[in-house]
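Novice: Turn this into a structure:
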Amino acid sequence: MSTRRLAALTATTALIAGAIVTPAAAAPAGAGRACAGYVGLTFDDGPAAGTTAALLSALRRAGLRATVFNTGQNVEAHPDLARAQLAAGMWIGNHSWDHPHMTQLTEAEQAAQISRTQEVVRRVTGVTPELFRPPYLDTNDALRAVQRRFGLTEINTDVDSQDWNNATVEQIVASAARLRDGDVLLLHDWPANTIAAIPQIAATLRERGLCSGKISPVTGRAVAPDSRALARAHTAGRVDDRGAGVRFTWPGVYFEGRFRGADVGIVLDDAVNDYAVQIDGGAPVTLVTPGRTTHWVRGLSAGVHTVRIAKRTESPWVAGQFGGFVAGASGAVLSEPAARHRQIEFIGDSWTAGYGNMSPGRDCTGTGGVDRNTNADESFGARTARALGADYQLNAWSGMGMVRNYNGGNPDVDYRTYYDRTLQAADTARYRPGGWQPQVVVIGLGINDFSTALNPGERWASEAALAADYRAAYLGFLGKLRHRYGPHTQLVLTYPDMGTTTALAESIERIVEQRRAAGDRRVHALHYDNAALGLDLLGCDWHPSARDHGLLSGALTDFVTSLPVRW
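Specialist: Below is the predicted model of the structure:
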């Protein structure tokens with residue numbers, strides 16, 4: 001597959017103009033007629049001198065777009081050709097750095113092959129690949145796990161053209177004739193017969209009503225080039241919108257839609273998280289680590305329905321992907337539900353994330369562990385937002401504190417390290433709020449700072465020193481929120497009882513006093529009195545239970561309702 005037959009290209013290249021034309025000059029295959037489906041044309045091993053220009057010209061003349069899986073070393077050697085691929089309307093995927101058998105490499109070597117290619121493509125074209133094709137189609141679960149660390153979806157093939165194996169023009173065209181809606185065809189950048197076959201491939205697809213499409217990073221299937229997962233879905237969560245799919249990590253991220261018909265499909269790619277699915281506001285159904293799938297809900301009554309899916313679990317290092325809602329036969333996905341005028345942001349740790357809240361007892365090891373017993377959609381934040389009719393974000397991370405994490409762990413980072421990111425530890429890209437302008441922000445950070453005694457070697461000599469650092473950091477964090485959201489947003493600083501220390505309570509009260517003395521009257525402290533509320537803390541590892549979250553939500557809802565919020 002990696003052998004180059006460049007000499008055989010001489011005659012073909014002489015017949016094909018080498019000029020690169022932007023996609024605006026090329027009509028898409030199927031232009032002027034409806035597309036009965038989409039297929040993914042893919043070309044591996046480029047870009048290369050003497051072949052890529054000819055390939056792009058042939059595709060442009062045929063009105064086809066394709067995904068090119070480039071090797072990093074070729075992008076580095078031919079940056080102008082990589083930019084020409086993008087300018088010609090192609091999508092760029094990752095094909096490793098220098099085309100090795102990836103499964104024969106160590107994990108570190110696999111990561112280097114992928115990361116070097118990601119970096120050079122980003123630097124040369126400004127595009128970050130979302131798709132990865134392993135050289136020789138050589139893959140396994142361990143390699144796929146490495147790919148996921150870089151936010152990549154593996155793309156194999158449905159039809160192999162065998163162009164790498166001396167297939168004739170006729171054989172290559174015949175392989176394209178076997179494609180069905182959503183299928184992916186394996187081709188290469190360098191064979192002369194492949195370039196010669198492109199006009200006939202385009203004609204074959206047109207005869208069957210198929211158009212060249214983009215490969216969805218969520219499903220790995222070919223879709224319309226302009227497909228957008230959020231075109232008919234509403235979310236208020238922090239998401240990395242990549243068009244055909246959106247990525248997310250923060251707990252509680254939800255997507256809502258409307259559809260007509262008896263069936264609806266939910267397009268997902270997530271082997272890590274659990275989800276809650278609701279139809280028409282009914283009892284939620286749990287999806288446990290669904291993987292790459294379209295989850296169907298079938299057999300509904302005729303008419304218009306609502307669908308909602310919410311991420312139950314935490315995954316700071318691994319992003320899930322949502323690819324939109326799809327309708328069943330004779331149905332249709334309708335315009336997305338309107339965004340709510342009310343917005344509330346919840347910032348916090350395991351309490352806010354709903355850690356282990358569905359567990360029947362504090363030891364949840366025998367009932368599936370923390371993940372199976374966690375449901376952020378039933379946390380006090382989600383419940384409060386629903387009670388107030390608000391959109392919300394749950395920007396929470398278990399074990400993280402304002403300046404100190406649980407038991408002094410990971411001392412080089414804290415919650416503030418990740419707050420400004422869209423995807424927590426999965427990607428360093430900064431979150432841009434856009435239309436997110438919460439009227440209320442509820443903060444619950446401090447349990448992890450103070451719940452365990454200082455260990456030898458930590459940077460604070462005493463709890464008093466820790467508390468001083470905590471207060472200074474918290475004041476700075478509030479300043480950031482005030483700058484971001486403006487003077488009218490109500491900031492609610494919450495804290496529970498801490499049986500071993502009063503440092504958290506005293507610090508929160510002093511912070512609020514200091515802000516209010518400085519003229520910020522929209523900063524408030526809310527004490528969760530464990531005894532007065534009747535909290536049982538029967539969730540995993542002494543966390544609030546589902547019952548507790550209901551009590552916390554009641555107290556918080558009453559408190560927010562008492563504030564002069566500019567809804």
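Novice: can you give me the strands in the stretch 51-200 of the chain?
Specialist: For the stretch 51-200 of the chain, the strands defined by DSSP state E, counting those that start in this stretch occupy 67-70, 91-94, 131-132, 153-154, 159-160, 184-188.
Novice: and the nearest residue to Thr117 once chain neighbours are set aside, how many residues sit next to it?
Specialist: Distances taken as CB to CB, 6 or more residues apart in numbering put Gly72 closest to Thr117, at 3.3 Å, once the chain neighbours are dropped. For the C-beta atoms, the positions are set from N, CA and C on the backbone; glycine is no exception. By the criterion of other CB atoms under 10 Å, Gly72 has 23 neighbours.
Novice: just to revisit the earlier point, Asp141: which of the strands of the stretch 51-200 of the chain is closest?
Specialist: Across these, Asp141 has its closest neighbour in strand 153-154 (10.5 Å, CB to CB).
Novice: So which elements touch the closest one?
Specialist: When contacts are defined as 3 or more CB pairs under 8 Å, 6 or more residues apart in numbering; DSSP states H and E, strand 153-154 sits against strand 131-132, helix 141-149.
Novice: lowest-confidence stretch among those?
Specialist: Lowest mean pLDDT of the helices and strands packed on strand 153-154: helix 141-149, a mean of 94.
Novice: Distance from that one to the middle of the chain?
Specialist: Relative to the centre of its chain, helix 141-149 is centred 16 Å away, using CA atoms, centre = their mean, to the nearest Å.
Novice: for it, which positions count as buried?
Specialist: Of the residues in helix 141-149, those buried by neighbour count under the rule 16 or more other CB atoms under 10 Å are 143, 146-149.
Novice: Quick one: those residues as JSON lines, columns for distance to Val120 too.
Specialist: Shown next, in JSON lines, are those (distance: CB to CB, whole Å):
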{"residue": "Leu143", "distance to Val120": "20"}
{"residue": "Val146", "distance to Val120": "18"}
{"residue": "Gln147", "distance to Val120": "17"}
{"residue": "Arg148", "distance to Val120": "20"}
{"residue": "Arg149", "distance to Val120": "18"}
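Novice: from those, which two are the most distant?
Specialist: Across those, the longest distance by CB to CB is 10.9 Å; it joins Leu143 and Arg149.
Novice: ok, Pro496 touching Trp351?
Specialist: Yes - with contact defined as CB atoms under 8 Å, Pro496 counts as touching Trp351 (7.4 Å).
Novice: ok, now which ones touch the closest residue to Gln110 other than its chain neighbours?
Specialist: Counting by CB to CB, 6+ apart, Gln110 lies nearest to Val146, which is 4.8 Å off, once chain neighbours are set aside. Applying CB atoms under 8 Å, 6 or more residues apart in numbering to Val146 gives the contacts 107, 110-111, 114.
Novice: Which members of those occur in helices, if any?
Specialist: Among these, DSSP state H puts 107, 110-111, 114 in helices.
Novice: Name the residues that touch the top helix by length along the chain?
Specialist: Looking across the chain with DSSP H, the single longest helix is helix 463-485. The contact list for helix 463-485, computed with CB under 8 Å, 6+ apart, reads 402-404, 414, 416, 419, 433, 437-438, 441, 445-446, 449-450, 454, 460, 489, 491, 493, 501, 503, 506-507, 510-511, 514-515, 520, 523.
Novice: ditto for stretch 193-204
Specialist: 9, 12-13, 16, 29, 41, 43, 51, 54-55, 58-59, 61-64, 161, 163, 167-169, 172-173, 176-177, 187-188.
Novice: residue boundaries of the helices in the stretch 1-150 of the chain?
Specialist: With DSSP state H, counting those that start in this stretch as the criterion, the stretch 1-150 of the chain has helices at 10-15, 52-62, 72-77, 79-87, 107-125, 141-149.
Novice: actually the stretch 251-400 of the chain, not the one I typed
Specialist: With DSSP H, counting those that start in this stretch, the ranges of helices along the stretch 251-400 of the chain come out as 350-353, 369-372, 380-388.
Novice: Please produce a markdown table containing those helices, extended by distance to Val253.
Specialist: Listed next are the helices of the stretch 251-400 of the chain as a markdown table, based on distance: least, CB to CB, whole Å:
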| stretch | distance to Val253 |
| --- | --- |
| helix 350-353 | 12 |
| helix 369-372 | 16 |
| helix 380-388 | 11 |
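Novice: right, and these - which one's nearest Glu207?
Specialist: Counting by CB to CB, Glu207 lies closest to helix 369-372 out of those; the figure is 49.6 Å.
Novice: Go through the closest one and flag the buried ones.
Specialist: Here helix 369-372 shows 370-372 as buried, counting by 16+ other CB under 10 Å.
Novice: likewise stretch 312-323?
Specialist: Buried residues in stretch 312-323, counted by 16+ other CB under 10 Å: 312-316, 318-323.
Novice: Pull the distance from it to the chain's centre.
Specialist: Centre-to-centre, stretch 312-323 and its host chain are 6 Å apart (CA atoms, centre = their mean).
Novice: How far does that stretch stretch from one end to the other?
Specialist: In terms of CA to CA, to the nearest Å, the two terminal residues of stretch 312-323 are separated by 18 Å.
Novice: returning to that earlier point: most neighbours among the ones in helices among the contacts of Val146, which one is it?
Specialist: For the ones in helices among the contacts of Val146, neighbours were counted using other CB under 10 Å, and Ile114 has the most, 25 neighbours in all.
Novice: What is the neighbour count of the residue nearest to that residue when sequence neighbours are not counted?
Specialist: Excluding the flanking residues, the one nearest Ile114 by CB to CB, 6+ apart is Phe150, at 5.3 Å. When neighbours are counted by other CB under 10 Å, Phe150 registers 18.
Novice: Make JSON lines out of the contacts of Val146 and add distance to Arg260 and pLDDT.
Specialist: Output for those, formatted as JSON lines (distance: CB to CB, whole Å; pLDDT from 0 to 100):
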{"residue": "Glu107", "distance to Arg260": "47", "pLDDT": "97"}
{"residue": "Gln110", "distance to Arg260": "46", "pLDDT": "98"}
{"residue": "Ala111", "distance to Arg260": "46", "pLDDT": "98"}
{"residue": "Ile114", "distance to Arg260": "42", "pLDDT": "98"}
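Novice: now the residues you listed in TSV, with distance to His341?
Specialist: Output for the contacts of Val146, formatted as TSV (distance: CB to CB, whole Å):
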residue	distance to His341
Glu107	48
Gln110	48
Ala111	45
Ile114	43
